[in-house]
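Participant: Just the structure for this:
(chains A, B, C and D)
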Amino acid sequence: MNHAVIMAGFGGQGILMIGNLFAIGALKQGLNCTFFPSYGVEMRGGTANCTVTISDHEVGSPVTSSPNGVVAMNEPSVAKFAPRIGEGGLLLINTSMAPDNDFSKDGVEVIRLPCNQIADELGNIKLASMVALGAYAGRCGVVELKFLEEALPEVLPQKLHKLIPSNIEALRAGAKRADKQD
Amino acid sequence: MKTVFERPQSLVDTSFHFCPGCHHGTIHRLVAEAIDEYKVRETTIAAASVGCSVFLYDYFDIDVVESPHGRAPAVATGIKRANPDKFVFVYQGDGDLAAIGTAEIIHAANRGENITVIFVNNTVYGMTGGQMAPTTMLGQRTTTSPYGRDFAQDGYPIRMTEMLAQLEGVGYAARVAVDSPAHLGKARKAIMKAFATQIENRGMGFVEVLCTCPTNWGMGPIEANKRIAAEMIPYFPLGVYKERTGSDFM
Amino acid sequence: MPRLTIHEDRCKACGLCVEFCPKDCLALSDKFNPQGYHPVELVNPDECTGCAICAKMCPDVVFKVEK
Amino acid sequence: MAAKTFEKGNVAIAKAAVAAGCKYYFGYPITPQSDIPEYLSGVLPGVGGQFVQAESEIAAINMLLGAGSTGKRAMTSSSSPGISLKQEGISYMAGSEIPGLIVNIQRSGPGLGGISPSQGDYFQATRGGGHGDYRILVLAPATVQEMYDLTILAFELSDKYRMPAMVLADAMLGMMKEPLEEWIPKQAEEDKSSWALSGAKGRERRKIKSLFLGDGELAEHNWKMLEHYREVEAKETRVKIEVHDDCELAVVAFGSAARIAKSAVDRLNDEGRNIGMVRPITVWPFPYKEIRELAEKDIPFLTVELNVGQMVEDVRLSVEGRSKVSFAGYPPGYLPSPDEIYEEITKLLDKKD
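Facilitator: You can find the predicted model right below:
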């Protein structure tokens, strides 16, 4: 098994955070993984993206031109990364930030989820990326949700640990809503 | 019978390679006297520089590491930071300290590195054959200022002591000369102070020594010696520019 | 009477000692030392006061002075 | 076994330095390696060490020269443009036989270039880089774990052979995170009291220098260094070879290029081909002998690099004309995907078939 996912969005949307969480969750599940962030100029206000590669053997390339999945938190991220998804892949589009996007590709499953609205309903708009990750993870099944929840204390800074329960709630809400889409 | 003057113990008993009348020998001796005076011979690590003074390691009975041109203050920083219990000094000429190594000396001074710096100013590049230095006097002819240094072309001679004295990290800064017995006495005292500054952890001790380069000046040793008072001192005034009296770092 | 020891082999005949001796006790000799210079010599020992100015001005540490 | 953490490659290097007992860091900030000084500026003061942010890379390498001359384990780190500035000091350290670690997290050049991963400094690293005729130890990690392991090894080899050592990685390896198992070296630090400067107490004074003007002195010094180099080549060459019988083609790549190439090779082998992989871990000393032995079995090679052709020259020197050496290079500023390397290999195999 080798699963590469690109997570992308605006800087400040928590992209690198969910990338890290997905990777550490995989580690906790006993899998190997790499996390490769975009960095530098892109960190200063533009787009942010990272590639997380998960494998049950040694991870080869930490970069990929044909990911198994994409988590696109905004419109430009769909445009840039979705066409690269390979056969049997999974795309999550945050429709709160890409409302009119109608991307489709043969052999690619698309989840459309208004992550910001869902987060808002949960009481914290900043949880949108957690909702997205919950939805993606729940659907692709590579990393079990419980390992993501276990990984939260390692990813969130100490001062945000009081928010762990609401982050768990967001992960679960995302997974549940993605499931309902069938 | 009492010994009034003899070769300092930390100066190796060998001939200097310097030209007749060159003041490097005099300054070497003064530094060696300070090493003896403060009994730091066995704890000293020096950073040699590039130029006529590169052979420092042949003349001092101490541990020495050679530095790339201009970098001695950085090398000394590395030595002193890793070995704060050692006595560390650098000995640099004007090409080394005031041209290629300007950044290194300014930032070592600004960091308040606890090292002692002996800066030899003879207004010329010695070892490479008398080219213009940053300290070359206006009008002075050198092999690369054949018409005499012109400020419009080459700028003015640089006054390092005044510059460095401005920096908070410098505990002691003085300019001295070795052209007369009276000046020599003051030079000796200044070098001792610069040593004491390091020993008392008061930041960089810096001494600029005005001296001759008879060969590249095209003068006899005595005539060259006279030039210091006649031409150099009026532009490079002697004196103590800074002296911290205690541990008054902010 | 002071004693002046001259390490002739080290002398490069720059003449600074001769120039600065307050009692004119020193002069460059006619002989050659191994470096090919006319080394300094004490020509007026009776006048020497052991002030050590010659030693201090000498760049080559040629002198030892006792008194 | 210690628990694994999920760590950035740059941080793995910094942690390894501390584990190796390095207490002195001198450096100047530059992307994409600033995690190293950032981490060490926090940790070193607490272990009785010193962190100095120098005014330039030139000053930093000379601080390393100074600390190294006193036998203290010390390091500097930078990225390509900064490593160029350090070449002067590296040459002096090599000539003066002063150990010390230099980390190069390569970015794209030439000039200011960009901050993306690159292997454009291979020649500079393995041919000495500065003036004169010298070599330094160059270790090329390909995983975050190796960033840690090879940093410790670099310190040990540097001390052992009194040569500067370089960890040659790049922006990909520096910025990516992977599981890391930290460990503390058991091997005691080399005793340097026989040569290091410590003050001439109870012994003859010491000079550490690279200037030798006496008749024949410099040549003698350089012959001695050459003997060292030969010893290092014989004893310290490290390479990972995964080549099976009847191998159709062996891909040669180091560092991040090896990571990307490995995915392509795995895919081809999954499809039933027999493709080998040769990954130099030390790029100086280079595994000439090991590659030549493969060439003697008539295995052709494809060298993959994130530059327009540097290590491939060493591969060609290794095979000495015995077998074909092809090249797939990607210029600084471009990061290939495993698919592109897959295509390159397939093209070669098609030509052969």
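Participant: my guess is residue A:76 contacts residue A:13, does it?
Facilitator: No: the pair formed by residue A:76 and residue A:13 falls short of the contact definition of C-beta atoms under 8 Å, at 11.9 Å. For the C-beta atoms, the positions are set from N, CA and C on the backbone; glycine is no exception.
Participant: List the contacts of the helix or strand of chain B with the lowest mean pLDDT.
Facilitator: Taking mean pLDDT, DSSP states H and E as the measure, the helices and strands of chain B show their lowest mean at helix B:151-154, namely a mean of 90. By C-beta atoms under 8 Å, 6 or more residues apart in numbering or on different chains, the list of residues contacting helix B:151-154 from outside reads B:132, B:136, B:138, B:145.
Participant: ok, and the closest non-adjacent residue to the last one?
Facilitator: If the residues on either side of it in the chain are set aside, residue B:145 comes closest to residue B:132, at 4.3 Å by C-beta to C-beta, 6 or more residues apart in numbering or on different chains.
Participant: contacting residues around that neighbour?
Facilitator: By C-beta under 8 Å, 6+ apart, the contact set of residue B:132 is B:124-125, B:140, B:142-145, B:149, B:154.
Participant: Do a quick rundown of the helices in chain A.
Facilitator: For chain A, helices defined by DSSP state H occupy the ranges A:15-28, A:75-81, A:115-122, A:128-140, A:145-155, A:164-180.
Participant: Pick the one among the contacts of residue B:132 closest to chain C.
Facilitator: Checking the contacts of residue B:132 against chain C with C-beta to the nearest C-beta, the nearest one is residue B:124 at 16.7 Å.
Participant: And the residue nearest the centre of the chain?
Facilitator: In the absence of a named chain, chain A is used. For chain A, the residue lying nearest the average C-alpha position, counting by C-alpha atoms, centre = their mean, turns out to be residue A:133 (4.0 Å).
Participant: Let me rephrase: I mean chain C.
Facilitator: Note on chain C: the residue nearest the mean C-alpha position is residue C:40, at 4.9 Å, using C-alpha atoms, centre = their mean.
Participant: Give the bridge partners for it, please.
Facilitator: Here residue C:40 sits in beta bridges with residue C:28, going by DSSP bridges.
Participant: From residue C:65, how far off is it?
Facilitator: Using C-beta to C-beta, to the nearest Å, we find residue C:40 at a distance of 13 Å from residue C:65.
Participant: list residues touching both of the two?
Facilitator: Counting by C-beta under 8 Å, 6+ apart, the residues touching both residue C:40 and residue C:65 are residue C:54.
Participant: Now do the contacts for the residue nearest to the centre of chain C.
Facilitator: With C-beta under 8 Å, 6+ apart as the criterion, the residues that contact residue C:40 are C:6, C:8, C:11, C:13, C:15, C:17-18, C:26-29, C:54, C:62.
Participant: now swap in residue B:54 and tell me
Facilitator: Residues in contact with residue B:54 (C-beta under 8 Å, 6+ apart) are B:48, B:66, B:127, D:211.
Participant: if we go to 10 Å?
Facilitator: Residues near residue B:54 by C-beta atoms under 10 Å, 6 or more residues apart in numbering or on different chains: B:17, B:48, B:66-67, B:69, B:91, B:93, B:96, B:127, D:209, D:211, D:213.
Participant: and residue C:19, what helix or strand is that in?
Facilitator: Element membership for residue C:19 (DSSP states H and E) is helix C:16-20.
Participant: same for that helix, what does it pack against?
Facilitator: Applying 3 or more C-beta pairs under 10 Å, 6 or more residues apart in numbering or on different chains; DSSP states H and E, we find helix C:16-20 packed against helix B:221-227, strand C:26-28, strand C:40-42, helix C:53-57.
Participant: Please tabulate these in a markdown table, including the columns mean pLDDT.
Facilitator: Listed next are the helices and strands packed on helix C:16-20 as a markdown table, based on pLDDT from 0 to 100:
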| stretch | mean pLDDT |
| --- | --- |
| helix B:221-227 | 97 |
| strand C:26-28 | 97 |
| strand C:40-42 | 97 |
| helix C:53-57 | 98 |
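Participant: ranking these by burial, who's on top?
Facilitator: helix C:53-57 (a mean of 23; mean count of other C-beta atoms under 10 Å in any protein chain shown).
Participant: coming back round to it: show the subsequent helix or strand relative to the least confident helix or strand of chain B.
Facilitator: Secondary structure here is assigned by DSSP H and E; on that basis, the next helix or strand after helix B:151-154 toward the C-terminus is helix B:160-165.
Participant: Flag every buried residue along that following helix.
Facilitator: Across helix B:160-165, burial judged by 16 or more other C-beta atoms under 10 Å in any protein chain shown covers B:160-161, B:163-165.
Participant: does chain D sit close to that helix?
Facilitator: No: looking at helix B:160-165 against chain D by C-beta under 10 Å from any C-beta of the partner chain, there are no contacts, and the closest approach is 14.4 Å.
Participant: for that helix, the distance to its chain's centre please.
Facilitator: The chain centroid and the centroid of helix B:160-165 are separated by 13 Å under C-alpha atoms, centre = their mean, to the nearest Å.
Participant: elements contacting it?
Facilitator: Applying 3+ C-beta pairs under 10 Å, 6+ apart, we find helix B:160-165 packed against helix B:102-110, strand B:116-121, strand B:170-177, strand B:204-210, strand B:239-243.
Participant: make it 6 Å
Facilitator: Contacts defined by 3 or more C-beta pairs under 6 Å, 6 or more residues apart in numbering or on different chains; DSSP states H and E place helix B:160-165 against strand B:170-177, strand B:239-243.
Participant: Tell me how many other residues surround residue 157.
Facilitator: Looking at chain A here, since you left the chain open. The burial count assigned to residue A:157 is 7, neighbours taken as other C-beta atoms under 10 Å in any protein chain shown.
Participant: if you could check chain D rather than the one you did, that'd help
Facilitator: Applying other C-beta under 10 Å, we find 21 other residues in the vicinity of residue D:157.
Participant: ok, now which ones touch it?
Facilitator: The neighbourhood of residue D:157, defined by C-beta atoms under 6 Å, 6 or more residues apart in numbering or on different chains, consists of D:137, D:165.
Participant: cutoff 7 Å now
Facilitator: The contact partners of residue D:157, taken as C-beta atoms under 7 Å, 6 or more residues apart in numbering or on different chains, are D:137, D:165, D:236.
Participant: Looking from chain D, tell me which residue of chain C is nearest.
Facilitator: Across chain C, the shortest distance to chain D (C-beta to the nearest C-beta) belongs to residue C:61, at 18.0 Å.
Participant: Which residues are in contact with that residue?
Facilitator: Under the criterion of C-beta under 7 Å, 6+ apart, the contact partners of residue C:61 comprise B:7, B:11, B:25, B:29, C:10.
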